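>>> quick one, what's the 3D model for this:
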Amino acid sequence: MSVYAVHYTYDQRTGERDRVRPAHRAFLGDLHDAGTLLASGPWAGPTHGVQAEPDGALLLVRAEDVAGVERLLDADPFALAGLVAGRSVRPWTPVFGPWTDDD
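Coordinates of the predicted model:
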């Protein structure tokens, strides 16, 4: 299996995001327990030099291919509630750390 970096961009409905967050985190917790989700979390602040960047998150996912990542994350409660305004999926090759091919 390959590792993919997923960038979520959220819409502006922070109140709705707060309401759905427990289900979102339970969903991600199940993926993590299964070994599919390696890590995830919200961005802690804006990108250097970007003033009005929307909220978002980074997820590292193991899957066979991009389509598998997309199918998996389509079931995320944030996605089902329409809170994910954008999602990009890129293959990622860890060279150092716990998710290299050597583990």
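
>>> just for this protein, where's the confidence low?
Flagging of the chain using pLDDT under 70 yields the residue ranges 45-53, 101-103.

>>> spatially central residue in it, please.
When Cα atoms, centre = their mean is applied to the chain, the residue found nearest the centroid is L59 (3.1 Å).

>>> state the helix or strand in which T9 lies.
strand 2-10 (DSSP states H and E).

>>> which neighbouring elements make contact with the next helix or strand after that strand?
Using DSSP H and E, the helix or strand that follows strand 2-10 towards the C-terminus is helix 14-33. Helices and strands in packing contact with helix 14-33 are listed as strand 37-42, helix 77-80; criterion 3 or more Cβ pairs under 8 Å, 6 or more residues apart in numbering; DSSP states H and E. The way it works is simple: take the backbone N, C-alpha and C, and place the C-beta from them, glycine included.

>>> again, only using 10 Å
When contacts are defined as 3 or more Cβ pairs under 10 Å, 6 or more residues apart in numbering; DSSP states H and E, helix 14-33 sits against strand 37-42, strand 56-63, helix 66-74, helix 77-80.

>>> quick revisit: what's the angle from the strand holding T9 to helix 14-33?
Inter-element angle recorded for strand 2-10 and helix 14-33: 170 degrees (by axes from the mean of the first three to the mean of the last three Cα atoms, to 10 degrees).

>>> buried set for strand 2-10?
3-6, 8, 10 (16 or more other Cβ atoms under 10 Å).

>>> and what of stretch 76-90?
By 16+ other Cβ under 10 Å, the buried positions in stretch 76-90 come out as 76-79, 81, 83-84, 87, 89.

>>> fine by me, we can end here.
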